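Engineer: Need coordinates for the following:
(2 chains)
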Amino acid sequence: MGEILQNLAVGFATALSPDVLVYAFAGCLVGTLVGVLPGVGPLAGISLLLPVTFGLNATSAIVLLAGIYYGAMYGGSTTSILMRIPGEAASVMTCIDGYAMTQKGRAGAALAIAAVGSFVAGTLSVVALMLLAPPLAEFALRFGPPEHFALLMLGLLVLAYMTSGPITRSLTMAALGLLLGMVGMDTMTGLFRFEYGLSELGDGIGIVPVAVGLFGISEILLSAGRATRVDVRAPRLRELLPNRQEWRASAGPIGRGTVLGFLIGILPGPGHIISSFVSYSIERRLSKHPERFGQGAIEGVAGPESANNSATSGALVPMLALGLPSGAVPAIMLAAMMIHGIAPGPLLIQEQPQLFWGVIASMYVGNAVLLILNLPMVGVFVNILRVPYSYLYPSLLAFATLGVYAVNNSVIDVWIMAGAGVVGYILRKLDYEIAPIILGLVLAPMLELNFRQSLAMSAGSYSIFFTRPIAVVMLAIALTLLLLGLRSAFSRAAHARSYLDPEPSPEPGRKQS
Amino acid sequence: MRSLTIDHVAGAFFTAFALGVLWETQKIPFGFLAEPGPGAMPTLLASTLLACSIALIIGGRSGKRVAAVQWLEWRHAVAILGTCAFMALALERLGYRLTIFIALLVLVAVLERKGWIAGIVFGACFSLGSYYLFNALLHVPLPQGPLGL
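Structural biologist: Next up, the predicted model:
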């Protein structure tokens, strides 16, 4: 414990240095704006803003991106409560009771509880992240190439299993991402693959242009041509105080949402979205008056908002401790670390203590900044919605192009971004989850290297994957998930065929966060 | 065609893509099963993609129909992609500021019909402002055009 406090002190020394503090504040501010704006979720926001971090050092870059990530969770609740417009997908559940409270004249209390719940959950989950990540990383130091290969397979399969829709779809997307990751020089032999004479592809397809295209450009294309007149009414400062009964009713949901969100966030998949849905249904089930849910129950705001904030810290556990992104946002943050020359993995905490503890400390600071920032400035943030989309999306498009080009000063990357944008647009119209593509692209080189190193270790014997206990357990879990997913996919298809005319799913091209 | 589901169409596309990749991997040394070469993993992954695509086609008979997908925003989307292509082509030829100015002018004034003055003011402010932010403050080198623009 003493060592943790000592490390944390080092972290705070980094986090409270003026430049890092400025980036934490900027990340929180931009994240809140990203969360407030419908159509720009945390994923698209981070993808589009990733290039801003290129001129920064690694710590400032991760602090800025982490600030955007959890700032978006805060910001998403504002429009959900005031206008029934979820700023990002994790705030959908907040719309139900948050907006009902607004209609009853309790918008201020809903906003305050959402902000306080987010602050408590955000802070407590950072404590859990701080306590859990170092021992997990130490445990992972025992891993050799077979265990790493098994872990990567497990990560991909858990994500495929947790993603909405049949597993065959998400596996197809993951395989596509992994295949894209095969482009470029083979690290073991130096042979170039699929580069077709383009020297820019020698280092492989960049994560940044693919991420910006898949999430940012596809979002712009999906939202193209929409009308954006919104009626905005923000509560006054004195209306923001919840009454005693509302405070009391919120305490339990905030606590439960924090624990639940953190645990779900660790698992691969869209944890911040799933956790808010699970939290809402648990609170409704535990309530003595479930009929109040949907009519303005404060528990329906406190639980989901705490859960989705806690999940963001949970998602950082496997990323910082193991170098394994649990979803698309951590994958992009991992890419940012690699761009800055930081090797992700279990050694990160030992080799880059300033970065790890600096990020942890900045998250404490960021949560406090968000609480201070969000409540008094709620009126300013909702006014952002008045910016016409016809000016917003051209700015985002230009910004994306600038950022993608700036990574390698390569026009090929801009073409890749545009291509990925088209692919993302079509796949999202067809209701395909695109997060596994980016995860596959990030993990492909590691997967191949560990696979071939394992076989080199065992002189070509595949038994190495089945004789080492940690690897065999992880592969067994992965195989079980695969079989369960396939069974569910085919039984669902068989069940649907028993109906004469299946109903189409209601909302093509829904937002992915 | 109208009875095809989205999984049929996507599955067919990915099957063709996987077969294309498998064809291309023939040019890369596979190595041996015990000692995989640079072509082994792409072959394995393309085979996995092929299997998944076939599973999509088989399991997708009862899913949503392709005809049910609406593409109402396609005109805007094509115009935005056209602007993207223009930026990729012009960035190193015309320079950052001129390229972004023209792209934003077209999007705001022509596509969004906000008027030429709004387009010119917005395009000029954004291109010059972002150039200053990235080039001067963040030291990110951006391409300059023939007239130093």
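
Engineer: Tell me who's in contact with residue A:395.
Structural biologist: The contact partners of residue A:395, taken as CB atoms under 8 Å, 6 or more residues apart in numbering or on different chains, are B:104, B:126. Bear in mind the C-beta positions are built from the backbone N, C-alpha and C, glycine included.

Engineer: What's the separation between it and residue A:388?
Structural biologist: 11 Å (CB to CB, to the nearest Å).

Engineer: Residue A:433 reaches residue A:172, doesn't it?
Structural biologist: No. Look at residue A:433 against residue A:172 with CB atoms under 8 Å: they stay out of range, at 10.1 Å.

Engineer: Which one's more surrounded, the two?
Structural biologist: Here residue A:433 and residue A:172 are compared on neighbour count by other CB atoms under 10 Å in any protein chain shown; more neighbours surround residue A:172, at 29 against 22.

Engineer: per-domain residue ranges of chain B.
Structural biologist: Recorded structural domains for chain B (assignment: automatic domain parsing) are B:6-68, B:74-137.

Engineer: Would you reformat those domains as JSON lines and include mean neighbour count and mean pLDDT?
Structural biologist: Below are those laid out as JSON lines (neighbours: other CB atoms under 10 Å in any protein chain shown; pLDDT from 0 to 100):
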{"stretch": "domain B:6-68", "mean neighbour count": "19", "mean pLDDT": "90"}
{"stretch": "domain B:74-137", "mean neighbour count": "18", "mean pLDDT": "92"}
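
Engineer: Distance to residue A:30 for these - can I get that in a markdown table?
Structural biologist: Converted to a markdown table, the domains of chain B look like this (distance: least, CB to CB, whole Å):
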| stretch | distance to residue A:30 |
| --- | --- |
| domain B:6-68 | 35 |
| domain B:74-137 | 14 |
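
Engineer: okay if I get those domains as a markdown table plus distance to chain A?
Structural biologist: Converted to a markdown table, the domains of chain B look like this (distance: least, CB to the nearest CB, whole Å):
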| stretch | distance to chain A |
| --- | --- |
| domain B:6-68 | 3 |
| domain B:74-137 | 3 |
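
Engineer: Of the ones you listed, which is nearest residue A:347?
Structural biologist: domain B:6-68 (24.7 Å; CB to CB).

Engineer: can you give me how far that closest one is from the chain middle?
Structural biologist: Taking the mean C-alpha point of domain B:6-68 and that of its whole chain, the gap between them comes to 21 Å (CA atoms, centre = their mean, to the nearest Å).

Engineer: Point me to the residue of the stretch 351-500 of chain A nearest chain B.
Structural biologist: residue A:460 (2.6 Å; CB to the nearest CB).

Engineer: ok, now which ones touch that residue?
Structural biologist: Counting by CB under 8 Å, 6+ apart, residue A:460 touches B:32, B:33, B:34, B:35.

Engineer: Take those residues and write them to CSV, including secondary structure and distance to residue A:405.
Structural biologist: Formatted as CSV, the contacts of residue A:460 follow (DSSP: H, G, I helix; E, B strand; the rest coil; distance: CB to CB, whole Å):
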residue, secondary structure, distance to residue A:405
B:32, coil, 42
B:33, coil, 42
B:34, coil, 44
B:35, coil, 40
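
Engineer: I'd like those residues as JSON lines, with distance to residue B:81 appended.
Structural biologist: Listed next are the contacts of residue A:460 as JSON lines, based on distance: CB to CB, whole Å:
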{"residue": "B:32", "distance to residue B:81": "44"}
{"residue": "B:33", "distance to residue B:81": "43"}
{"residue": "B:34", "distance to residue B:81": "47"}
{"residue": "B:35", "distance to residue B:81": "44"}
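
Engineer: who touches the helix or strand where residue A:465 lies?
Structural biologist: Residue A:465 belongs to helix A:464-467 when assigned by DSSP states H and E. Counting contacts by CB under 8 Å, 6+ apart, the residues outside helix A:464-467 that touch it are A:146, A:149, A:150, A:454, A:455, A:457, A:458, A:471, A:472, A:475.

Engineer: Take those residues and keep only those in helices.
Structural biologist: When DSSP state H is applied, those are split such that A:146, A:149, A:150, A:454, A:455, A:457, A:471, A:472, A:475 fall in helices.

Engineer: who's in contact with residue A:64?
Structural biologist: Counting by CB under 8 Å, 6+ apart, residue A:64 makes contact with A:23, A:24, A:26, A:27, A:49, A:52, A:53, A:56.

Engineer: Also residue A:32?
Structural biologist: Contact criterion CB under 8 Å, 6+ apart gives A:71, A:72, A:74, A:75, A:78, A:370, A:373, A:374, A:381 as the residues in contact with residue A:32.

Engineer: Determine which two of the residues you listed are furthest apart.
Structural biologist: That would be A:72 and A:373, which, of the contacts of residue A:32, are the farthest apart (CB to CB) at 13.2 Å.

Engineer: between those two, which one's more packed in?
Structural biologist: In this comparison of residue A:72 against residue A:373, neighbours counted by other CB under 10 Å, the higher total goes to residue A:72 at 35 against 21.

Engineer: correct me, but the more buried one touches residue A:42?
Structural biologist: Yes. When contacts are counted by CB under 8 Å, residue A:72 is listed as touching residue A:42 (3.8 Å).

Engineer: Check which residues of stretch A:126-141 are buried.
Structural biologist: By neighbour count, with 16 or more other CB atoms under 10 Å in any protein chain shown as the criterion, the buried positions of stretch A:126-141 are A:126, A:128, A:129, A:130, A:132, A:133, A:134, A:136, A:137, A:140.

Engineer: near chain B, which of those show up?
Structural biologist: Subset of the buried residues of stretch A:126-141 in contact with chain B: empty, counting by CB under 8 Å from any CB of the partner chain.

Engineer: List just the nearest of those residues to chain B.
Structural biologist: For the buried residues of stretch A:126-141, the residue nearest chain B by CB to the nearest CB is residue A:140; the value is 23.2 Å.

Engineer: Need the pLDDT of the closest one.
Structural biologist: Listed pLDDT for residue A:140 reads 81.

Engineer: Can you report how many residues neighbour residue A:453?
Structural biologist: With other CB under 10 Å as criterion, residue A:453 counts 16.

Engineer: Tell me who's in contact with it.
Structural biologist: With CB under 8 Å, 6+ apart as the criterion, the residues that contact residue A:453 are residue A:145.

Engineer: how about the residues of the stretch 301-450 of chain A near chain B?
Structural biologist: Contacts of the stretch 301-450 of chain A with chain B, taken as CB under 8 Å from any CB, map to A:390-391, A:393-395, A:397-399, A:401-402, A:405-406, A:409, A:411, A:414-415, A:417-418, A:421-422, A:425, A:427, A:429-432, A:444, A:447-448.
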